[in-house]
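Chemist: Model the structure of this input:
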Amino acid sequence: MSPTHQTEDSLPFDIAIVGLGIVGIHQITREVEETIRRCGHTFVVDSGFGVVPYLEGICPEVTSLFSFNEKELRTAMSLGYVRSDGKTSFNDLQERAEIACQHAKTRGNETVIEWTEDLKHDPLVRIGGRCRKCDARITCSMPKKKAPAVLNFCPCCGESI
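Modeler: Here you go, the predicted structure:
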């Protein structure tokens, strides 16, 4: 695929996916800005103030993925985090944050959970089954202490599993 807006220093593709990981446009690194500048088209997954206009100034074509058919899309998230004690390795901290995030997801959108030893002792377990009536395949994750041994009812049709 050749770039839509071919220039001497264009990238050999139309789209680069760049995880900005920023808070505001003032934190965009030179490398990310240069990659975006060299792309023919940038898709934006950031609703922060000023992001789209800023990118429109450095890229020929910018599309915000926060709207579809001129309707604004709503996004939500759950967050898990861990505080460093100065002794725990980065990998262990990352694993703990992931465990906290998984627990946050079980409680719904816009939930924030800090990792604690309690989460370590109540891991998430995956329970699944298949409904004989509607043939739905059901899989869910929940804290072990609250999990039933087996699923009893299909959430799709209400029949016993």
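Chemist: Pull the contacting residues for the residue nearest in space to the middle of the chain.
Modeler: Per C-alpha atoms, centre = their mean, the C-alpha nearest to the average position across the chain is that of M77, at 7.5 Å. M77 makes contact with N109, E110 under the criterion C-beta atoms under 8 Å, 6 or more residues apart in numbering. Any C-beta I mention is one placed from the backbone N, CA and C, and that applies to glycine too.
Chemist: and the lengthiest helix in the chain, how far out from the chain's middle?
Modeler: The helix of greatest length in the chain, counted in residues with DSSP state H as the criterion, is given as helix 90-106. The chain centre lies 14 Å from the centre of helix 90-106; the measure is C-alpha atoms, centre = their mean, to the nearest Å.
Chemist: Quick check: next helix or strand after it?
Modeler: Following helix 90-106 in sequence order, the next helix or strand is strand 112-114 (DSSP states H and E).
Chemist: List the strands paired with that following strand, with their directions.
Modeler: Taking DSSP bridges as the criterion, strand 112-114 forms sheet pairs with strand 79-81 (parallel).
Chemist: Of all the residues in the partner strand, which ones are buried?
Modeler: Neighbour counts over strand 79-81 (16 or more other C-beta atoms under 10 Å) mark G80 as buried.
Chemist: Equivalent analysis for stretch 131-150, please.
Modeler: For stretch 131-150, a neighbour-count test (16+ other C-beta under 10 Å) marks C131, P143, A147 as buried.
Chemist: do stretch 49-69 as well
Modeler: Applying a neighbour-count criterion of 16+ other C-beta under 10 Å, the buried positions in stretch 49-69 are V51, V52, Y54, L55, C59, V62, S64.
Chemist: How about stretch 148-161?
Modeler: Of the residues in stretch 148-161, L151, C154, I161 count as buried by neighbour count, 16+ other C-beta under 10 Å.
Chemist: Where does L119 sit, in terms of helix or strand?
Modeler: Taking DSSP H and E as the criterion, L119 maps to helix 117-121.
Chemist: What's the first helix or strand after that helix?
Modeler: Of the helices and strands lying after helix 117-121 in sequence (DSSP H and E), the nearest is strand 124-130.
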